[in-house]
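Visitor: Need the 3D shape of this:
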Amino acid sequence: MDRLKLILITLNSLALWVISLSVSYALPPSVVVSSKPFHSLVAGVMSGIAEPKLIVDGLYSPHNYTLKPKNAVEIQSADLIFWGGREIEPFLIRSLQNLSKTTTISISELDNLEKLPLRNIKQHQHHTESGIDPHLWLDPINAIHIIKGTVTELSSIDPDNSSLYQRNGKDIIVKLELLHTQLTGMSEEIRDIPFMVYHDSYQYFEHRYQLKSLGVMVQNINHASSAGRLALIRKQLVKNKVRCLFSEPQFSDRLVKVATDGITTQIGSLDPIGARLIPGPELYFNLMDNLINNLSSCLKK
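Guide: Model prediction:
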């Protein structure tokens, strides 16, 4: 009898072990995403399944971010990593090269994206390898293709949840198409009003909606502008009757204030990454809404 009990207990333990093993394999993948706009799109596709981890949070810029110990641990334990690519996130290059069991997806290399050449090589010296402007998420049409690529990659690594990834992707694409329609309508009122920006992040947005950007204030975000550069900017602002000069929350607005002191150019603020926004599926849509609203509110003054 004791022997029979022992056999039954052993079989029961084996059964529980097999069940727990099967459950562990059914868990969704551990996904890490580099920066807020991409994280928002990936989080939307993964809604109801799992929440991807975000590397660059808060007011940090992906241009000059330094990995934290927490980030390194998350990267090492990830099944899948989405990042913007070496052009905009060089801080990740070395860490991703050392991964052997993790799938890494460079979003800039997904299919069907419209890519624009860099306009300012000095400002983006770390982007010169490809010559492509990496701020491609600021075009909602590109965001649609990012969603499609994300659905494909997640479905490949996690086929059990493929149908839900696809359903989420379709829902997000509908929202992105509506967003594009709204942005097209709102941009018509400001299309011919000249403005300048602090940092050359907005080419994709300007190109898609035919806006009149006359240039950038800072040629290299890692170096302070000279007095001569500031004098040149002031001259351009006055000569071209530039309505607004836009700063960014990731950088000090001191130079923007100096450049516009005593002239009619207004100061506005644009945020290309959602620095002050809460991460999640809605961040991308809030980012784009803020972009057009902040442009409009300043340019229509």
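
Visitor: Setting aside sequence neighbours, what's the nearest residue to the most centrally placed residue in the chain?
Guide: By C-alpha atoms, centre = their mean, the chain has its centre lying nearest to residue 37, at 2.9 Å. What sits nearest to residue 37 in space, not counting adjacent residues and going by C-beta to C-beta, 6 or more residues apart in numbering, is residue 137, at 4.4 Å. No exception for glycine: its C-beta is placed from N, CA and C like everyone else's.

Visitor: Check the secondary structure at the one you found for me.
Guide: Under DSSP: H, G, I helix; E, B strand; the rest coil, the three-state class of residue 137 is helix.

Visitor: hmm, back to that, who's in contact with the residue nearest to the centre of the chain?
Guide: When contacts are counted by C-beta atoms under 8 Å, 6 or more residues apart in numbering, residue 37 touches 137, 272-274, 283-284, 287.

Visitor: And residue 226, by the same measure?
Guide: By C-beta under 8 Å, 6+ apart, no residues touch residue 226.

Visitor: Now that we're looking at it, what pLDDT does it have?
Guide: At residue 226, the pLDDT value in this model is 80.

Visitor: Going forward, count from 45.
Guide: Okay, using 45 as the starting number, the last item reads as residue 270.

Visitor: which stretches of the stretch 245-345 of the chain have low pLDDT?
Guide: Judged by pLDDT under 70, the stretch 245-345 of the chain has its weakly predicted residues at 265-268.

Visitor: how does it look with 90?
Guide: Residue ranges of the stretch 245-345 of the chain with pLDDT under 90: 262-274, 294-297, 345.

Visitor: Do a quick rundown of the helices in it.
Guide: Assigned by DSSP state H, counting those that start in this stretch, the helices in the stretch 245-345 of the chain fall at 247-253, 271-283, 298-304, 327-343.

Visitor: tell me what the second one is packed against?
Guide: Using 3 or more C-beta pairs under 8 Å, 6 or more residues apart in numbering; DSSP states H and E as the contact criterion, the neighbours of helix 271-283 among helices and strands are strand 239-241, helix 298-304.

Visitor: Pick the most buried one from those.
Guide: Highest mean neighbour count among these (mean count of other C-beta atoms under 10 Å): strand 239-241, with a mean of 24.

Visitor: Sheet partners, orientation included, of that strand?
Guide: The sheet places strand 239-241 alongside strand 257-260 (parallel), strand 288-291 (parallel), with pairing taken from DSSP bridges.

Visitor: want to throw the ones you listed into TSV with distance to residue 75 and mean neighbour count?
Guide: TSV is the format used below for these (distance: least, C-beta to C-beta, whole Å; neighbours: other C-beta atoms under 10 Å):
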stretch	distance to residue 75	mean neighbour count
strand 257-260	34	18
strand 288-291	33	26
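
Visitor: want to try JSON lines for these, with distance to residue 72 as columns?
Guide: Rendered in JSON lines, the data for the strands paired with strand 239-241 read as follows (distance: least, C-beta to C-beta, whole Å):
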{"stretch": "strand 257-260", "distance to residue 72": "41"}
{"stretch": "strand 288-291", "distance to residue 72": "39"}
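
Visitor: Nearest spatial neighbour of residue 250, chain-adjacent residues omitted?
Guide: Nearest to residue 250 is residue 257, by C-beta to C-beta, 6+ apart, at 4.9 Å.

Visitor: Identify the bridge partners of the one you found.
Guide: Under the criterion DSSP bridges, residue 257 forms beta bridges with residue 239.
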